[in-house]
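Student: Give me coordinates for this.
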Amino acid sequence: MKPRSLRCMKFFLTLFNIIVILFGLVLMAICVMNMRGKKSRPDQQSALSRGVLSFLLTLGLCLVVTAVLGCIGALREHVKTLYVHASFFIFLVSVELVVGVGGAVLSAWVGGGSELRVQFYKNATVEDEFSSNQAFWDQLQAENQCCGVDGPTDYSIIHREIPPSCCARAYPLRDGAARRHLHATCLTEKTYYTNGCEEALRQKKAFKGNILISTGIIFALLEILCIVLALWMARTIRVERRKLQQNLQAHFEN
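Tutor: Numbering: from 1, shown residues only. Next up is the predicted model:
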């Protein structure tokens, strides 16, 4: 009869690998949906965002393949498969660590400049550029409930009226008398958004970053746990098989 410790390792290693498979599938699905969404809006798609999505999609696929190997190795008690599974996870954890540190350094370095502010004031100097870019700012301000770069005072600096997209009640309406009335009321009563888009985007980015970091740490620990269990299980299987071989040899010699 197999030792209880081996059966426990077999159960937990299979369970953890199933969780990793589900996580990898969810990650791949999110990446595919984001790629399709960004493909329909090529103006909002940068080379960096495409690279990040491609990396995450590849990472999800590697996690699924590695976890499937882990399940096969655990269920069949195949020592070589368990070693391959552990080696793949060691490689993935190393890549995730390098990419995570590099991403944090790059984010801190890029965060020093303000492309949003440069774009706002540059386009404001030319009428045609400002009009063509207004749709971008309307969507940005409405989605993030912000106004201007640092606040609504940015529009007074460039001698322009605060747009309806800074007003929660006016912007959803179609262009007409009702929208103009609500817009005028918003400006009179000063009920427009008071926070700037740069701060709103920074908070949004920080929130997403915290979620990504927390999720990454949790699954990195799960991967490390799978590595330890796989190596421990492989060693236990080899020891048990060696004991069984010695017992059979001693039995035949007697």
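Student: care to break the protein down by domain?
Tutor: As given by automatic domain parsing, the domain ranges for the chain are 4-112+216-253, 126-148+152-192.
Student: Could you name the stretch from those domains that's closest to Gln203?
Tutor: domain 126-148+152-192 (9.1 Å; CB to CB). For every residue, glycine as well, the C-beta is placed using N, CA and C.
Student: now that closest one, how far from the chain's geometric center?
Tutor: Its chain's C-alpha centre and that of domain 126-148+152-192 lie 31 Å apart, by CA atoms, centre = their mean, to the nearest Å.
Student: a markdown table for the domains of the chain, including mean neighbour count?
Tutor: Formatted as a markdown table, those follow (neighbours: other CB atoms under 10 Å):
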| stretch | mean neighbour count |
| --- | --- |
| domain 4-112+216-253 | 15 |
| domain 126-148+152-192 | 15 |
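Student: can you give me the helices in the stretch 51-200 of the chain?
Tutor: For the stretch 51-200 of the chain, the helices defined by DSSP state H, counting those that start in this stretch cover 79-110, 115-124, 127-144, 153-157, 177-189, 197-253.
Student: least reliable of the ones you listed going by mean pLDDT?
Tutor: Among these, helix 115-124 has the lowest mean pLDDT, at a mean of 70.
Student: That helix packs against which elements?
Tutor: Here helix 115-124 touches helix 127-144, helix 197-253, going by 3 or more CB pairs under 8 Å, 6 or more residues apart in numbering; DSSP states H and E.
Student: Would you tell me which of the helices of the stretch 51-200 of the chain gets closest to Gly37?
Tutor: That would be helix 127-144 among these, by CB to CB, at 13.7 Å.
Student: Gly151 and Asn144, how far apart?
Tutor: Here Gly151 is placed at a distance of 13 Å from Asn144 (CB to CB, to the nearest Å).
Student: which residues touch Gly151?
Tutor: Neighbour list for Gly151: Thr194, Asn195, Gly196 [criterion: CB atoms under 8 Å, 6 or more residues apart in numbering].
Student: Out of those, who's the most crowded?
Tutor: Gly196 (22 neighbours; other CB atoms under 10 Å).
Student: Report the separation between it and Phe16.
Tutor: 45 Å.
Student: Could you dump the contacts of Gly151 into a markdown table with distance to Leu225 added?
Tutor: Below are the contacts of Gly151 laid out as a markdown table (distance: CB to CB, whole Å):
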| residue | distance to Leu225 |
| --- | --- |
| Thr194 | 47 |
| Asn195 | 42 |
| Gly196 | 44 |
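Student: So which of the residues you listed is the closest to Ala184?
Tutor: Checking those against Ala184 with CB to CB, the nearest one is Thr194 at 18.2 Å.
Student: Hmm, that closest one is touching Pro152, no?
Tutor: Yes: applying CB atoms under 8 Å, one finds Thr194 in contact with Pro152, separated by 6.5 Å.
Student: picking that back up, nearest to Asn34, out of the helices and strands packed on helix 115-124?
Tutor: The nearest among the helices and strands packed on helix 115-124, by CB to CB, is helix 197-253 at 12.2 Å.
Student: helices and strands around the closest one, which ones?
Tutor: Looks like helix 197-253 contacts helix 4-40, helix 47-76, helix 79-110, helix 115-124, helix 127-144 (3+ CB pairs under 8 Å, 6+ apart).
Student: again, 6 Å this time
Tutor: On a contact count with 3 or more CB pairs under 6 Å, 6 or more residues apart in numbering; DSSP states H and E, helix 197-253 meets helix 4-40, helix 79-110, helix 127-144.
Student: For the first one, which helices and strands make contact with it?
Tutor: The criterion is 3+ CB pairs under 6 Å, 6+ apart, and the helices and strands that helix 4-40 contacts are helix 47-76, helix 197-253.
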